[in-house]
Structures are given as structure tokens and as C-alpha cells.
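*Asks:* Need a 3D model of the sequence below.
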Amino acid sequence: MKHIMAIALLALLTTSADLMAQAGSGVYVGGHIRRERPNTVTTLKNSGFTYVILFNVNVETDGTLTTDGETICKDGQYVFANEQPYYIEDVKALKTWPTGIERIEICIGGWGNQSYSRIKDLINAEGTGARTILYRNFKALKDAIPEIDAVNNDDEHCYDAETAVKFHTMMYDLGYKTTVAPYTNKSFWQSLVTGLNGNRSGACDRVLIQCYDGGAYNNPSDWKLGGLPVHAGRTNYQTDMDTSIAQMQTWKDNNGVVGGFVWVYNDETWNLNKWASAMNRVFPSHKVNAPVATVYSETDFGGYSVRLAEGSYCMGQLSAYGITDKDIASFKLKSGYKLTVYASTDLTGSSKTYTDAEVSSMGVWRNRLSSLIIEKAEDTGISSTEQDGKMTQDAEIYSLKGNRIDRIQSSHGIYVIRQGQQVKKIVR
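*Replies:* This next block holds a predicted model:
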């Protein structure tokens with residue numbers, strides 16, 4: 001009996017770990033990211049969404065890739081820099097510290113978009129080999145921006161499973177995973193997922209079921225295609241935020257949903273950080289193996305609570321753990337550790353250090369805290385990976401602007417170093 005219980009417990013723990021790995025919060029991002037840069041890039045980095053989906057990449061009849069009437073790739077060449085000189089820099093920055101974003105996707109499709117009909121025609125005419133225009137243009141995009149991890153299929157018109165499987169198999173071979181964003185026509189999506197993962201195991205790794213607009217009455221339980229993790233989506237304008245978050249909690253509790261997403265960041269009328277942090281409390285994706293601090297959103301250890309391990313957390317990372325910006329009002333700290341809080345999003349600006357085991361009210365810092373460091377009380381703030389200004393092989397050094405550098409400079413400055421999951425701030 002004890003043996004059976006141990007096996008059951010192990011299975012439960014394994015399932016919990018797997019679900020956490022599949023969890024996350026995402027947001028579709030419209031052309032607003034380009035029109036209002038760099039503020040939009042900063043907003044996304046600080047939001048706490050763990051993945052972003054760039055809407056959209058349109059495939060023209062000749063295989064040219066466009067967006068908003070501007071050309072991204074043509075004749076196997078990345079040419080978007082002619083019209084959007086900062087685009088590569090901006091997309092790369094989304095994943096560069098300080099940020100909570102871990103994955104970037106591009107979306108193909110959408111209502112009224114005929115990209116998959118054109119993909120069907122091009123594949124039927126040319127196939128998907130290395131000399132075809134589809135292959136060459138998507139390779140050019142991948143070569144230009146390798147940070148793009150996946151392509152999100154939002155086909156709402158063509159629904160041709162045979163060519164869709166061929167296309168996404170080609171995309172996997174180029175380095176793009178696939179996610180699917182259905183709202184109807186379940187048989188098509190089932191055929192696509194089954195065929196694609198039959199060709200390339202794991203090529204499609206997530207279902208993003210639309211529960212808004214045409215899919216408003218979808219039940220996420222009906223969309224567990226191929227056993228893939230299901231993320232269910234709302235719009236930021238569908239209801240108020242609290243109602244949407246409550247719906248996501250219901251989906252998690254009753255429908256096996258492990259993540260959520262929002263359509264669409266295309267203006268500044270909503271607070272991305274509040275949405276993402278609330279979603280991340282519903283769908284936690286970061287396992288804390290050795291917590292040394294517990295933070296609370298209300299004084300006297302009330303409100304929601306989040307456990308944190310030793311390390312440094314920018315605003316986006318705090319939100320990725322479920323902590324809304326400027327929303328820590330009290331905390332408990334393990335003996336032998338200290339907590340340093342910062343008014344800025346990136347461990348700069350005004351700061352205060354606490355060594356108390358418990359603080360029931362942080363006073364004015366409740367409305368100021370945007371980043372923090374948790375470390376052993378005797379630590380100097382200098383990482384053990386630093387040796388004569390150089391780092392061990394698996395460590396990375398960044399300036400506070402997010403630029404990766406080879407070594408810490410001899411001049412005064414502030415640097416951030418990352419080694420595995422540990423992040424440290426160095427003041428010279």
C-alpha cells in the first residue's frame with residue numbers, strides 16, 4: 001500500500017511539474033509595437049507576459065512576406081530594414097534582460113487573411129524544398145531574427161490540412177515550432193496537429209483556443225488536440241480584467257487549461273502588467289525550488305502571496321512570478337538573507353535594504369517597488385563568477401541598457417550578470 005501511495009504521489013508531482021512547464025501567459029502584439037517604439041518594447045518587457053505573438057506575417061501570392069503593407073522578406077532576402085530599421089533590434093530586445101519574455105512567435109493568418117490559401121497554392125506548385133520561395137523567405141527571416149521561436153497558425157479561411165502539414169513541417173526544419181489558434185473547424189485542427197507531430201514529434205506544442213468573437217462560446221475542454229497543453233484566450237476589451245481573470249481560473253479548475261493569452265496589444269488603453277501578473281498567479285510557470293522570501297500584496301501579510309528564491313528580479317520577472325508592479329506591501333524573509341528593493345524597473349535608482357525576518361508594512365515603498373534583489377546577508381553583491389573582470393564560461397554579462405558584453409569594464413558602472421537561473425547586480 002505504501003508503495004502504491006508513493007507511486008501516486010510521484011505521479012502527482014510529475015504532473016504538477018509538467019503542467020508548470022507548459023504554463024504561461026501570452027499576448028498578441030499588433031503594429032502598434034512598431035509605430036510607437038521604443039515605448040512599446042519597454043512596456044512589453046516590463047509586462048510579465050512570458051510569450052508574445054507578433055501579429056502578423058502575411059504571405060503574398062508570390063511568396064513575399066509582408067506586414068501592414070510593408071515588405072519583410074522578398075526573393076530570399078530580409079529587406080524590412082529598409083522601412084523598419086529598428087525592427088531586428090526591437091525583437092531581440094524583447095528577450096534581453098530586463099524582461100519577463102521567454103518566447104516569441106509570429107502569427108500567420110487572422111480573419112480576412114488569405115495567407116494559407118496562398119501557401120496552399122505555392123506548395124502545390126513548388127513544394128517545400130530549399131529552393132522554393134517559401135523556404136527561402138522564411139529562412140531569411142529566421143537568419144535575421146533567430147529569437148523568433150515559433151509560428152502561430154491562425155488560419156480562418158483555407159483549412160487545407162495536407163498543405164498546412166507540409167508547410168509547418170518545413171517551418172520546423174527551419175527552426176520554428178508551431179502553435180495553433182483555432183476558433184472553429186475542429187476536424188481540420190485535429191488533422192493538422194496529428195499530421196504535423198506525426199512528421200516531426202513535438203513540432204506543434206500548444207493549442208491557443210480563441211474564446212472570444214467567433215469563438216466566444218468555445219469550451220476549452222473540447223480542444224485538447226493531440227494531448228497538447230491548452231491555453232485559452234480572452235480580449236482585453238471583452239470584459240473588465242477581474243471578470244476575465246476569474247474566467248481563466250474557472251478554465252484552469254474545470255477545463256484543464258494550463259495557460260492564457262490576451263488579444264491584443266495595439267493601444268495603451270489597458271495595463272499589460274496588471275493583466276499579466278494576475279494571469280501568472282492563475283497559471284504559474286516558474287517553479288521555486290528553494291524559496292527564501294514570501295511577499296504579500298497587502299500589509300500584515302494579507303492579500304495574495306508569492307514565494308521567491310534567492311536572486312535578482314526586474315519588473316518583468318516579478319510579474320512573471322505573479323507580482324504586480326508596486327504591489328508588495330509586506331514580506332517574510334528567511335534568516336540570514338536580506339532584501340534590497342529598487343524604485344526602478346531594472347535594479348537602479350532609489351533603494352532600501354531590509355534584513356528583518358518580517359516586515360508587516362513597507363510604508364511608502366509599497367507604492368515605489370519595481371525590482372528587487374534577495375541575497376545572503378553577508379553577500380557583497382559581487383558574484384562569485386567574477387574573476388578579474390571576466391566571467392566563467394556559462395555566465396553572461398549585460399549593461400543596464402541590455403547590451404551583452406564580454407567583460408566588466410574597469411570604469412565605474414552597473415552591470416548585470418546571469419549564470420543559469422541566477423542573476424546578480426554588480427556596482428563598480
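
*Asks:* What are the structural domain limits within the protein?
*Replies:* In terms of domains, the chain is parsed into 20-282, 291-376, 386-427 (source: automatic domain parsing).

*Asks:* quick check: mean pLDDT across the first one?
*Replies:* Same thing as domain 20-282. Throughout domain 20-282, pLDDT has a mean value of 97.

*Asks:* returning to what we had before: including mean neighbour count, could the domains of the chain go into CSV?
*Replies:* In this view, the C-beta of every residue, glycine as well, is placed from N, C-alpha and C. Shown next, in CSV, are these (neighbours: other C-beta atoms under 10 Å):
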stretch, mean neighbour count
domain 20-282, 19
domain 291-376, 19
domain 386-427, 14
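
*Asks:* which residues touch residue 75?
*Replies:* Shown in contact with residue 75 (C-beta atoms under 8 Å, 6 or more residues apart in numbering): 64, 133, 136-137.

*Asks:* Residue 64 versus that one, what's the distance?
*Replies:* Here residue 75 is placed at a distance of 8 Å from residue 64 (C-beta to C-beta, to the nearest Å).

*Asks:* The nearest residue to residue 83 once chain neighbours are set aside: what's it in contact with?
*Replies:* In space, and not counting its chain neighbours, residue 83 is closest to residue 70: 4.7 Å by C-beta to C-beta, 6 or more residues apart in numbering. By C-beta under 8 Å, 6+ apart, the contact set of residue 70 is 80, 83-84.

*Asks:* Closest one of those to residue 268?
*Replies:* Using C-beta to C-beta, residue 84 is the member of those that lies nearest residue 268, at 20.3 Å.

*Asks:* Reduced to three states, what does that closest one come out as?
*Replies:* At residue 84 the chain is in coil, as set by DSSP: H, G, I helix; E, B strand; the rest coil.

*Asks:* I figured it was touching residue 35, is that so?
*Replies:* No: under the criterion of C-beta atoms under 8 Å, residue 84 makes no contact with residue 35, lying 10.2 Å away.

*Asks:* helix, strand or coil for residue 33?
*Replies:* With three-state DSSP as the basis, residue 33 sits in helix.

*Asks:* roughly how far apart are the closest residue to it other than its chain neighbours and residue 236?
*Replies:* Leaving aside its chain neighbours, residue 33 sits nearest to residue 40 (4.6 Å; criterion: C-beta to C-beta, 6+ apart). Noted for residue 40: a distance of 15 Å to residue 236, by C-beta to C-beta.

*Asks:* Also residue 345?
*Replies:* 22 Å.

*Asks:* give the contact list for residue 173.
*Replies:* By C-beta under 8 Å, 6+ apart, the residues touching residue 173 are residue 200.

*Asks:* Please, where are all the strands along the stretch 201-350 of the chain?
*Replies:* Using DSSP state E, counting those that start in this stretch, the strands of the stretch 201-350 of the chain run over 204-210, 230-235, 259-265, 291-298, 302-309, 311-313, 330-333, 337-342.

*Asks:* Export the contacts of residue 70 to a markdown table and append columns for distance to residue 329.
*Replies:* Output for the contacts of residue 70, formatted as a markdown table (distance: C-beta to C-beta, whole Å):
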| residue | distance to residue 329 |
| --- | --- |
| 80 | 45 |
| 83 | 47 |
| 84 | 42 |
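
*Asks:* what's the angle from the helix or strand containing the residue nearest to residue 33 to strand 259-265?
*Replies:* In the assignment (DSSP states H and E), residue 40 maps to helix 39-47. Computed by axes from the mean of the first three to the mean of the last three C-alpha atoms, to 10 degrees, the angle separating helix 39-47 from strand 259-265 equals 160 degrees.
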